[in-house]
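# no FASTA, just this:
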């Protein structure tokens, strides 16, 4: 699957989703940043909204499940629950909406979680639309090209958000569990660092005279790995996933390199230590006569999904005959953006071999079905609850009209 | 100047050169690999040919002088010498030809010196035309696009080849000399190395489980620099000028990296030591669970330009009132290809600050003119010589008819 945000392949997947939603009678809304909502009125226009979904953009040469599993499951669950309501087997007090968020991956445009961040009011829509890919194309232009720079108003904030996702890690498989409930999310520091040296001929230029930006970048990459290896187990993940080089010619000393650095930890204090160590690595580039400029610096605080939703997931899983496992999510999910607005959670099925962001990404079909059952059960409970949880995990009265 | 081989800008420069040559009455030939020859008959069709020239392709964002200076000077020198002959101030025994060789730089297509290597019989034209750029376009296709996949026969091998070039290094400037005569050329090993790891999410994937091709590449880049630093002064230059990464996304562990490695030395034995040290670095990537594949491995033996042409250059420089300096060339030049065929040499003017392969490339205008005078003087001597030097530096009778 090669479906980075607002590419032709992404547009085709969006078209497919929209035609499915329309065919199934969902009310469709595409907002200014291309988030696609499909709404089912189960309890009247004034009733609270329970929102579920994920994303359908992918990494370059990514996997079939990351994101798409959550969107497809959301649509199937909503259709199933509507059928239950129509058949009189359940009485919803809330409406249900499904959503495919724009640019969750942060592969083509940075930062990640962009569509859900706009929805949550964390960033402005205009700012998001002006993010540019490596070729200088803005998200706004790219969305317009595929016909998804929408004009609809996004639905009002939901009463709860539930996202189903593959784990994207090896913990469930190693523990022999089929259902995961995310408790903490790791914090993250994403730094875009520009190193500037000087172009020169790789032949005659004396070694001592070179100002090689790639050499400086390589020392940082090796240093970042050493930082992670020196930290306690599962305390710190570091990476450089992307490099841009100029002029990137075999016989020119690299003049400029842009590094995309990530530091991740469940502990804010560990992230601060890592940040200080990175600054020391950056300071050392001066010895190679390289100028270092931090072009972008994003910080995501570590946090915790709504405890009441964790408890609900555990109960529903038990009802399915499965012992679930609480675990951390290191990868970010749109549910982090939604946690600013409402009770929010991600539940997960195993990733075979822990693989993610690769065509090898896979989950057993039976586990995929089990995940859909968990999502459906949670949504059913939320749609019919007397009281909905609040963000802190306490309960408040459900103000929704009875359908 | 951004004029990599067979780009639109390169085509425009070729058109300009061809229209100048045609306007000045040169007989034009464009051979199968796009080498452009302009020939002046000064001594009758059977007379030997003295060839001079360089290249007009450039690095990405390269300089104005590298190559182009030698081609423009060659045309000016040939025009001037024809005028002298017409005015009866000299009696040429040879004809003169100017040439702009295809893909000297090796920036867009590898290897470098491609056009002159075909002319010298070192590689086949079909093989050269099938070299592909980073986007998969072949040299043959690219030349056809700009209209320079020629059908003319290249001229018969010359009796001597003289190339004027900027030094592309700091030696002349540091020594306070305005004219350089290249004696030795450095040998070179160019290796294209493919490192294969595995794509994975940069977030949840445990550090110990990652197979990060960029980390392995970084260790090699740092190791290569340490090799050069550990060698004797001016004994070894190492570099990685270009990297290609997949998928090159901020939050995917790099699965594959292609490195363009160069090892350069004036001594064959030093190159062999460096090659062995590089193999040890490559072997160490196994510790990062990376597979390493050498995709391309080119070797250029160190060598020496024709002593008799060095002596001629020194004499002509002295006549211009300048003490010249013998020096090495670390950069390759088309004269290396020609040295297989005939007496061959490169003479040089200073590069300000030693800079080359950058828009900052510069030579004092007075030095550019002095270089043209040196080239003209050498060509005049060769055109009128009773005997031409042979490749080993001895002389043989000039078989050319008297004009």
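Noted; the coordinates are in hand. Since this is a predicted model, take the numbers as computed values, not measurements.
# show me where the stretch 301-403 of chain A has strands.
A:303-304, A:325-329, A:344-349, A:387-389, A:395-397 (DSSP state E, counting those that start in this stretch).
# determine which of those approaches residue A:126 most closely.
Comparing these by their distance to residue A:126 (CB to CB), the top pick is strand A:344-349, with 25.2 Å. (Each C-beta comes from the backbone N, C-alpha and C, glycine too.)
# do the closest one and chain B meet?
No - using CB under 8 Å from any CB of the partner chain, strand A:344-349 never reaches chain B; the gap is at least 10.4 Å.
# what are the pairing partners of that strand, and which direction each?
Here strand A:344-349 has these sheet partners by DSSP bridges: strand A:160-166 (parallel), strand A:180-185 (antiparallel).
# please identify the deepest-packed of those strands.
Most buried of the strands paired with strand A:344-349, by mean neighbour count (mean count of other CB atoms under 10 Å in any protein chain shown): strand A:160-166, with a mean of 29.
# got the angle for that strand vs strand A:325-329?
Put simply, strand A:160-166 runs at 90 degrees to strand A:325-329, going by axes from the mean of the first three to the mean of the last three CA atoms, to 10 degrees.
# now strand A:160-166: average pLDDT?
Regarding strand A:160-166, the rounded mean pLDDT is 98.
# same check on stretch A:106-118?
Across stretch A:106-118, the average pLDDT comes to 94.
# kindly report the same for stretch A:385-392.
Rounded mean pLDDT across stretch A:385-392 is 82.
# do the same with stretch A:270-285
The model assigns stretch A:270-285 a mean pLDDT of 97.
# chain center to that stretch: distance?
Mean-position distance between stretch A:270-285 and its chain equals 26 Å (CA atoms, centre = their mean, to the nearest Å).
# residue A:16: neighbouring residues, count only.
By other CB atoms under 10 Å in any protein chain shown, 11 other residues sit near residue A:16.
# list the contacts of the residue sitting nearest the centre point of chain A.
For chain A, the residue nearest the mean C-alpha position is residue A:333 (3.2 Å; CA atoms, centre = their mean). Applying CB atoms under 8 Å, 6 or more residues apart in numbering or on different chains, we find residue A:333 in contact with A:54, A:104, A:113, A:163, A:165, A:182, A:185, A:346.
# isn't the last one right up against residue A:165?
Yes - contact criterion CB atoms under 8 Å: residue A:346 and residue A:165 qualify, at 5.4 Å.
# give the bridge partners for residue A:49, please.
Residue A:49 has the following beta-bridge partners by DSSP bridges: residue A:95.
# do I have it right that it meets residue A:98?
No - applying CB under 8 Å as the test, residue A:49 and residue A:98 come out as separate, 10.8 Å apart.
# where do the helices sit along the stretch 301-403 of chain A?
Using DSSP state H, counting those that start in this stretch, the helices of the stretch 301-403 of chain A run over A:307-319, A:334-338, A:365-384.
# highest mean neighbour count out of those?
Most buried of these, by mean neighbour count (mean count of other CB under 10 Å): helix A:334-338, with a mean of 27.
# for residue A:135, the count of nearby residues, please.
If you count neighbours by other CB under 10 Å, residue A:135 ends up with 7.
# separation between it and residue B:316?
Computed with CB to CB, to the nearest Å, the distance linking residue A:135 and residue B:316 is 51 Å.
# ok, now residue A:141?
On the measure of CB to CB, residue A:141 and residue B:316 end up 59 Å apart.
# name the nearest residue to the residue of the stretch 51-200 of chain A found nearest chain B, sequence neighbours excluded.
For the stretch 51-200 of chain A, the residue closest to chain B is residue A:169, as judged by CB to the nearest CB, at 3.3 Å. Nearest-residue entry for residue A:169: residue B:204, 3.3 Å, with adjacent residues in sequence omitted and distances by CB to CB, 6 or more residues apart in numbering or on different chains.
# so the one you found, which state does it fall into?
Under DSSP: H, G, I helix; E, B strand; the rest coil, residue B:204 falls in the coil class.
# would you agree it is in contact with residue A:332?
No - checked against CB under 8 Å, the pair residue B:204 and residue A:332 is beyond contact range at 10.4 Å.
# rewinding a little: what pLDDT does the residue nearest to the centre of chain A get?
95.
# kindly report the same for residue A:201.
89.
# the more surrounded of residue A:49 and residue A:98?
residue A:98 (27 against 22).
# what sits closest to that one if chain neighbours are left out?
Among residues not flanking residue A:98 along the chain, residue A:74 sits closest, at 4.1 Å (CB to CB, 6+ apart).
# the helix or strand hosting the one you found: how far from the chain's middle?
Per DSSP states H and E: residue A:74 is located in helix A:68-86. A distance of 21 Å separates the centroid of the chain from that of helix A:68-86, by CA atoms, centre = their mean.
# same question for that helix, mean pLDDT?
Averaging pLDDT along helix A:68-86 gives 98.
# that one - contacts with which helices or strands?
helix A:8-23, strand A:36-40, strand A:49-55, strand A:95-101, strand A:160-166, helix A:365-384 (3 or more CB pairs under 8 Å, 6 or more residues apart in numbering or on different chains; DSSP states H and E).
# around chain B, which positions in the stretch 1-150 of chain A sit nearby?
So the stretch 1-150 of chain A meets chain B at A:59-62, A:105-107, A:110, A:112 (CB under 8 Å from any CB).
# redo that, cut-off 7 Å
By CB under 7 Å from any CB of the partner chain, the residues of the stretch 1-150 of chain A that approach chain B are A:59-61, A:106-107, A:110.
# who wins on neighbours among the residues you listed?
That'd be residue A:59 among the residues of the stretch 1-150 of chain A next to chain B, by other CB under 10 Å, with 29 neighbours.
# I'd assumed residue A:357 was in contact with that one.
Yes - judged on CB atoms under 7 Å, residue A:59 makes contact with residue A:357 at a distance of 4.6 Å.
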